[in-house]
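*Asks:* With the input below, show me the fold.
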Amino acid sequence: MQKAVNPPPYYLMLDDLRSIQEARNTGRVYNRDGHVAILPDQEWTLVRCYTEFKTVVKCRGLPVMVSFDHDLCPEHFRHHPSAVKNGADCMKWLYGYCQKHRLFFPEWFVHSTNQLASASMQGFMKAAEGSLKNKKL
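*Replies:* Residues are numbered from 1 along each chain as shown. Predicted coordinates for the structure are as follows:
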């Protein structure tokens, strides 16, 4: 019988345009407490869209840390409705994935330059984390 091999830990960044260095330089990386933070100097797996985000998590398992951008297509920048999923959709999908697989949500950051969306994503996660504290995994 073969012993199960745990996948190596990884850091996941969602952004349609920027590199990890560019995201660091925006000065708008926020941690779970809403404070400006610095993304750790690690090797990050960079994904550009919702589909890639889901594929990586399903193939590699839960990341150690994830940083979310919100606006993933030009329509998001102009605040127009779009069929293209945004960073908040990725965050919500990952939350559901964690619940389904009885996992704790990884450490997370939001690095979107869209301040309204960034605040909304932080609010969603604070509420989600609060509800998880009241449930046994």
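*Asks:* Could you double-check that A128 lies in contact with Q99?
*Replies:* No. Using Cβ atoms under 8 Å, A128 makes no contact with Q99, being 9.1 Å away. (Each C-beta comes from the backbone N, C-alpha and C, glycine too.)
*Asks:* All the strands of the protein, in order from the start?
*Replies:* In the chain, the segments counted as strands under DSSP state E are 11-14, 44-47, 65-68, 107-110.
*Asks:* of all these, which lies closest to K85?
*Replies:* Nearest to K85 among the strands of the chain is strand 11-14 (10.4 Å), distances taken as Cβ to Cβ.
*Asks:* Now for the protein, the helix or strand with the poorest mean pLDDT.
*Replies:* helix 74-77 (a mean of 54; mean pLDDT, DSSP states H and E).
*Asks:* How many residues are close by K126?
*Replies:* Using other Cβ atoms under 10 Å, K126 has 13 other residues around it.
*Asks:* how about the strands of the chain, which one is nearest C59?
*Replies:* Closest of these to C59 is strand 44-47, at 10.5 Å (criterion: Cβ to Cβ).
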